[in-house]
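Undergrad: sequence plus predicted model, see below.
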Amino acid sequence: MNKKFSTLLRFILIFLFGMFLNLYSQQVVELKSKYNSFGKFWVATFEGGLTLPFSDFQTPAIGYMARGGIEYYFPSTKLFTFGLRLNGYYGELNGESNTGRVSGDGSLKRIIKKFNTPFVMIEPSFILAAGRGLVIPYLSFGFNYFFNFIPLETNSYSLYTNSKRDPFTTFSGEFGIRYFVHNNFSYNFAVKYFKGSIDELDGYVSRKNDSFITVSTGISIHLFRKERIR
């Protein structure tokens, strides 16, 4: 996990640094409009970040995630505008227990001290963005469909006879900030909470559903900007 996360982090830093160099000589044009800064924007977003689970393993460990998606924001002359977003995610969850947990099923059931769960999901969501300037805070509410997740021991040994678990749906809330570096680009920072709706993400079943948070950063590309209402 540490090696994979380090590689992802280096890639994100190199990418962002390259974008700064590319935009350094360009004029940052402040949006002066009666419309919300994201009004009538199509946006493509690419982000990477960290995961932190709340599970039956007492010590949460940092994992990684990456997401990308497309968004559309409706025209608005108000401070706020609504948007729609569709994201795809890939990531992992990690945790530790000093005493160990009896995890898995059948002949694979055993005591483990660390778990690792890779996951893939898609997320349609609603967004409320505020502002007419360069800094745009936003709130998002999403519906998350985990169509692939596989609880593993940290050494990648499966915990279940049928290692691929049944898909499930949950929901999430997000707070983020976007900064217009250029009219064509913005940098993003977001914190997101995924509500637990099952108790299998860590491979240990109890009466407590597993949930997690993500912290991410990345870039958004503003598409078809010339077509928007100004």
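TA: Perfect, thanks for sending it. Numbering: from 1, shown residues only.
Undergrad: state the pLDDT value of M121.
TA: We have a pLDDT of 95 for M121.
Undergrad: where does it land in three-state SS?
TA: strand (DSSP: H, G, I helix; E, B strand; the rest coil).
Undergrad: who does it form a beta bridge with?
TA: M121 forms beta bridges with Y89, F146, as assigned by DSSP bridges.
Undergrad: pLDDT at R10, what is it?
TA: 60.
Undergrad: tell me the strands in the chain, going along the chain?
TA: Along the chain, counting by DSSP state E, strands occupy 42-54, 59-61, 63-73, 80-103, 110-130, 135-149, 152-153, 168-182, 185-194, 211-223.
Undergrad: other SSEs contacting the shortest one?
TA: For strand 152-153, the elements it packs on are strand 110-130, judged by 3 or more C-beta pairs under 8 Å, 6 or more residues apart in numbering; DSSP states H and E. C-beta coordinates here come from the backbone N, C-alpha and C atoms, glycine included.
Undergrad: quick one: contacts for the closest residue to M65 other than its chain neighbours?
TA: Excluding the flanking residues, the one nearest M65 by C-beta to C-beta, 6 or more residues apart in numbering is G91, at 3.0 Å. Residues in contact with G91, defined by C-beta atoms under 8 Å, 6 or more residues apart in numbering, are 51, 63-66, 118-119, 214.
Undergrad: ok, what's across the strand from the closest residue in space to E92 that isn't next to it in sequence?
TA: Distances taken as C-beta to C-beta, 6+ apart place G63 nearest to E92, at 4.2 Å, with adjacent residues excluded. Under DSSP bridges, the beta-bridge partners of G63 are T51.
Undergrad: wait, G63 sits on Y89?
TA: No: using C-beta atoms under 8 Å as the test, G63 is too far from Y89 to be in contact (12.0 Å).
Undergrad: tally of neighbours for the closest residue in space to K164 that isn't next to it in sequence?
TA: Once flanking residues are discounted, K164 sits nearest to I150: 5.8 Å by C-beta to C-beta, 6+ apart. Residue crowding around I150 was assessed by other C-beta atoms under 10 Å; the count is 19.
Undergrad: same deal with G88?
TA: As a measure of burial, G88 has 13 neighbours, counting by other C-beta under 10 Å.
Undergrad: for the residue nearest to E92, give its distance to V191.
TA: 15 Å (C-beta to C-beta, to the nearest Å).
Undergrad: again with G88
TA: 19 Å.
Undergrad: do the same with T81
TA: Counting by C-beta to C-beta - T81 and V191 are separated by 21 Å.
Undergrad: who's more crowded, those two?
TA: Of the pair T81 and V191, T81 is the one with more neighbours under other C-beta under 10 Å, namely 25 against 14.
Undergrad: hang on, that one packs against Y73?
TA: Yes: between T81 and Y73 there is a contact under C-beta under 8 Å: 5.2 Å.
Undergrad: ok so, going back, ok, G63 and Y89, which is more surrounded?
TA: G63 (24 against 21).
Undergrad: contacts only, for the more buried one.
TA: 1, 5, 50-53, 91-94, 116.
Undergrad: same thing but 6 Å
TA: 51, 92-94 (C-beta atoms under 6 Å, 6 or more residues apart in numbering).
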